[in-house]
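**Q** got a sequence here, can you build the structure:
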Amino acid sequence: MLISSIPQYVSSVTNAKVSLANTADTVLYTAPSNADLNSSIVNSILVSNHFGSADTITVTLFDGTTAFSLFKLEEVGAVSTKELLTRDLILKSGEILKVQAATGGRLHVVASIQQLSKVRASISATNERVIAVNTGY
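**A** A predicted model of the protein is given here:
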């Protein structure tokens, strides 16, 4: 995968999960900010409402100094699950996804994420992890 002409490799996949017990702004995921892991792709953000009444969720992206509203009071029907993303969302190093429920104790959020690296890891014939650094940039 190429981002800005810099080779990127999927380093790992993960799920970020949170149960919104209250109405506080809650960190769902922070993109890694080290030398190897330098960006993430959020493939899916599922919101499950296990309560008998509809509720709303707000999703915000923070870049360290500025908050960007991605979804503002997005409705999630009673006893249902809603996919918020229609396309992948790319997070740069250190960016933070936060979620906030209108009512506590109703919503669960799960994001499926690919973490990208500048280096490619593989397994050798002796099951040792081998890192191949791309020096072409």
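**Q** which stretches of this structure have low pLDDT?
**A** Along the chain, the parts satisfying pLDDT under 70 run over 1-11, 35-36, 119-137.
**Q** what segments of the chain are helices?
**A** In the chain, no helices are defined using DSSP state H.
**Q** now the residue nearest to the spatial centre of it, nearest residue through space, not along the chain?
**A** Centrality entry for the chain: nearest residue to the mean C-alpha point is V42, 4.4 Å, by Cα atoms, centre = their mean. In this structure, V42 finds its nearest non-sequential neighbour in L89, 4.2 Å apart by Cβ to Cβ, 6 or more residues apart in numbering. All C-beta spots, glycine's among them, are computed from the backbone N, C-alpha and C.
**Q** close enough to count as contact, T103 and T23?
**A** Yes - T103 is within contact range of T23, at 6.9 Å (criterion: Cβ atoms under 8 Å).
**Q** what's the burial count for the residue lying closest to S39 once chain neighbours are set aside?
**A** Nearest residue to S39, sequence neighbours excluded (Cβ to Cβ, 6+ apart): L116, at 4.7 Å. Residues within reach of L116, counting by other Cβ atoms under 10 Å, total 25.
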